[in-house]
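> I'd like to go over a predicted model; first the sequence, then the structure.
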Amino acid sequence: MSCPKPLKRTSCSSRKEAFRACCSFTGVLYKWTNYGKGWRPRWFLLLNGVLTYSSVILQPDETLAHVSFIGDDMSSSCSRHHHRTQRHKSRLGIVHLKVSSFRESRSDDKRFYIFTATKTHHLRTSSNKQRLAWIQALTSSSSSNKNLFNFYDTIHVSLSTQGLRNRLVQEGVGEEAVKDCEQIMLLEFDHLQTQLHLLSQERSTLLDTLRQLEAANIEVEASGGPECEYPLAQQEYSDLRCGKYSEWSTTESSDDVEKQELEETSEDDETYFFDTEDCFPQQSTGCESIGTELKMQPNVMADSGHLKIVRRKKLPDPAEKEKGVSLWSLIKDNVGKDLTRVCLPVYFNEPISSLQKCFEDLEYSYLLDRAYQHGKEGNSLQRALYVAAFAVSGYASSEGRHCKPFNPLLGETYEADFPEKGVRFFSEKVSHHPTLIACHSEGKGWKFWGDSNIRTKFWGTSIQLDPVGILTVEFDDGEIFQWSKVTTSIYNLILGKVYCDHHGLMHIRGNREYSCKLRFKEQHFLERNPRKVHGFVEDASGRKHATLFGKWDDSMYYINGVANVKPKDVGDANLLWQRTMPPTNLTRYNLTSFAITLNELTPGLQEKLPHTDSRLRPDQRHLENGEYDMANAEKLRLETRQRMSRKLQENGWKPRWFQRDSEEGTYRYVGGYWEKREEHKWDGCPNIFGELSKEINDSSSRS
């Protein structure tokens, strides 16, 4: 394939057609997905600098008179890929990429890379000739696209009014009236031409701004190519010709860059071959897509009352080396006991409290946003499905989390304000015996609250955790869903690989038309497909309307009606939820990207918090910093204070921000916290992490 020739036609329609044909290319490329799936064929279409790909054949726009095919022609490609993609066509989406730059591979003459503002896409052709053709296509598309942006600025069309004059004369209209009509027509046309020119200038300015933002994003994220890339926004493109690509394509370190990029690349994670659908699960407007991007990226810039918040991506490096722990002495003394009454060293904890861990259930709060929207549109079944997916998604962060969270002190609180997710959360330890944690959260059209207690048993080689409490979601239109969590077990504490399993029946009860029952299957020793979840959405009469299935650590799907399906059988299923991949910088605690941000003190936050907030707890902070000796000392001191909590509770202590509906009811948020936070007035909030006062010791001893 040769480079497109310069345009020679001068008419408006012919020039426009030539421009569109000039920058239109299509063909099959192999795209790297991950080490599990490897290279996968995708149908690519390059049009005006935008690269579109899909697992099904992309049909070019009918207005494109000339489309250049790179590689096989349309007929042979159709026969090769049609049989594989046709049965999945109903649920596959299309991914659009705004190409920022590209470069060739030095080690493989069939491979090249395309860089967007946030990702690197690894592509491979069937031959070196095809790679050269795609590089030429990207280059010529950039040049043609740049000319197309200024297309209307170069058009000067003359308007003839002779036809109008002749028609008016035939009707017997006087010469003066004819001239007035001609003048009106010319003025309208001149006004239209001016408006078109202004719109063209605005579009050109906007595109220039987008290019600058993309370039800045690539530099900040270090996701773009090194010196060897082809920058689409630079002027050097006008000087590129066939045969010059090799001098731009590589540097001495390009092999190392390729290896590093390939090891880090897993952007599609093609679960069951549906990479295009996973990126865009449903159609949305531009604003909605921006919101979704923010939801899926907890480390983005978020505007919170004029304060730019950049959330961290890793924990601090430990200041000390960890010390060994004698498991046998702990086992001998504590078999069969309740872990909440056992004094464990700090090495068994992760650097977040149970109050913060409650907020992890809202990592995928966008599912409730979608549930609210579906219900608002009158689709109650879809609302129930997304609520069920949300109830399952809270378990995804438990994979690899073998350490227990800190047990909060009586009166300890935690707040979370995540404007990028549209969520605000607050929790408090409301009772020490029994241990109860109450939480309340508000989102886009919904509220979430509940209280929870965990009964734990330590059986030597395993731990069983039985949650007690009810979680509630209430939408602004009055529809309510309630459920309780299932049992959690942690196995192989002494020998073998430690793993976590959730099992039992989760019944999500709705106050209107639909409810849902989900079965978390218990994992057995020879289980080939563990962590399965299966259930149905039912109406009040018990009739099943939809089938849900998936895995609590990966994804959830649904099929309308009743179906006997397995997690691997997702041919005609609809994706509800997909887990966010874990961070590249793993910690000892295997915290997710979202959990890493929970104990962070962002600039200016500490001055706004009450003395009771978990982020101010010293033993937890020392553990996060890797100061293990100080963390153990502080933990022992605070546990001594914690022993006074039961006596304080018996003497009439009451929670500050929550109260019970009834004697056995759920704790509900009474309000006032966020208002006090705005006023910076924390009168009556005790310094629960400070030293015990003499008065408290004396009153406790008298009790």
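That came through, no problem. Model, not experiment: these values are computed from the prediction.
> give me the number of residues near His402?
Using other Cβ atoms under 10 Å, His402 is surrounded by 17 other residues. All C-beta spots, glycine's among them, are computed from the backbone N, C-alpha and C.
> so who does Arg656 touch?
Arg656 makes contact with Gly411, Glu428, Gly684, Cys685 under the criterion Cβ atoms under 8 Å, 6 or more residues apart in numbering.
> Next, the second one: secondary structure please.
Going by DSSP: H, G, I helix; E, B strand; the rest coil, the secondary structure assigned to Glu428 is strand.
> for it, what are its contacts?
Contact analysis of Glu428 by Cβ under 8 Å, 6+ apart lists 355, 411-414, 437-439, 612, 655-658.
> and what of the last one?
Applying Cβ under 8 Å, 6+ apart, we find Cys685 in contact with Pro610, His611, Thr612, Arg656.
> now do 7 Å
Shown in contact with Cys685 (Cβ atoms under 7 Å, 6 or more residues apart in numbering): Pro610, His611, Thr612.
> For it, give its distance to Asp613.
Per Cβ to Cβ, to the nearest Å, Cys685 is found 9 Å from Asp613.
> Do a quick rundown of the helices in the stretch 351-500 of the chain.
If DSSP state H, counting those that start in this stretch is used as the criterion, the helices of the stretch 351-500 of the chain fall at 354-359, 366-376, 380-393.
> With pLDDT and distance to Glu360 as extra columns, can I get the contacts of Arg656 in TSV?
Shown next, in TSV, are these (pLDDT from 0 to 100; distance: Cβ to Cβ, whole Å):
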residue	pLDDT	distance to Glu360
Gly411	92	22
Glu428	97	17
Gly684	81	29
Cys685	86	25
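> Which of these fall in strands?
Judged by DSSP state E, these include Glu428 as members of strands.
> Identify the farthest-apart pair in the contacts of Arg656.
Glu428 and Gly684 (13.6 Å; Cβ to Cβ).
> To Leu598, which of the helices of the stretch 351-500 of the chain lies closest?
Counting by Cβ to Cβ, Leu598 lies closest to helix 354-359 out of the helices of the stretch 351-500 of the chain; the figure is 4.4 Å.
> so Pro316 makes contact with Glu624?
Yes: when contacts are counted by Cβ atoms under 7 Å, Pro316 is listed as touching Glu624 (6.4 Å).
> Who has more neighbours out of the two?
Between Pro316 and Glu624, counted using other Cβ under 10 Å, the more crowded position is Glu624 (21 against 13).
> what's the closest non-adjacent residue to that one?
Spatial nearest neighbour of Glu624, chain neighbours left out: Pro351 (3.7 Å); criterion: Cβ to Cβ, 6 or more residues apart in numbering.
> got the contact list for that neighbour?
Tyr589, Asn599, Gln620, Leu623, Glu624.
> Over to Asn625?
Each residue near Asn625 by Cβ under 7 Å, 6+ apart is listed here: Pro316, Ala319.
> Tell me the secondary structure at Asp190.
Following three-state DSSP, the label given to Asp190 is helix.
> hmm, back to that, out of the helices of the stretch 351-500 of the chain, which comes closest to Pro603?
Set against Pro603 and scored by Cβ to Cβ, those come closest in helix 354-359, at 19.4 Å.
> Can you tell me how far Thr33 is from Leu123?
Applying Cβ to Cβ, the value for Thr33 to Leu123 is 11 Å.
> for the helices of the stretch 351-500 of the chain, which one ends up most surrounded?
helix 380-393 (a mean of 26; mean count of other Cβ atoms under 10 Å).
> Just the mean pLDDT for that one, thanks.
Average pLDDT, helix 380-393: 97.
> Same question for stretch 403-410.
90.
> didn't Leu578 look like it was pressed against Tyr557?
Residue 578: Gln, not Leu. No: the pair Gln578 / Tyr557 is not scored as a contact, 9.8 Å apart, by Cβ under 7 Å.
> picking that back up, quick one: which of the helices of the stretch 351-500 of the chain is nearest Thr194?
helix 366-376 (41.1 Å).
> Low-confidence bits of the stretch 501-650 of the chain, can you list those?
For the stretch 501-650 of the chain, the stretches flagged by pLDDT under 70 are 525-527, 566-570, 585.
> And the strands in it, which stretches?
Secondary structure of the stretch 501-650 of the chain (DSSP state E, counting those that start in this stretch): strands at 514-520, 532-539, 544-551, 555-560, 574-578.
> I'd like those as a markdown table, with distance to Val50 and mean neighbour count appended.
A markdown table is the format used below for these (distance: least, Cβ to Cβ, whole Å; neighbours: other Cβ atoms under 10 Å):
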| stretch | distance to Val50 | mean neighbour count |
| --- | --- | --- |
| strand 514-520 | 41 | 22 |
| strand 532-539 | 39 | 21 |
| strand 544-551 | 33 | 21 |
| strand 555-560 | 29 | 22 |
| strand 574-578 | 25 | 21 |
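> Quick one: closest of these to Thr116.
For the strands of the stretch 501-650 of the chain, proximity to Thr116 was assessed by Cβ to Cβ; strand 574-578 is nearest, at 20.3 Å.
> Show me what that closest one is packed up against.
Packing partners of strand 574-578 (3 or more Cβ pairs under 7 Å, 6 or more residues apart in numbering; DSSP states H and E): helix 275-279, helix 380-393, strand 555-560.
> Just put those in a markdown table and tack on distance to Ser489.
Shown next, in a markdown table, are the helices and strands packed on strand 574-578 (distance: least, Cβ to Cβ, whole Å):
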| stretch | distance to Ser489 |
| --- | --- |
| helix 275-279 | 30 |
| helix 380-393 | 17 |
| strand 555-560 | 21 |
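> for those, which one sits closest to Ile94?
Closest approach to Ile94 among those (Cβ to Cβ): helix 275-279, 6.2 Å.
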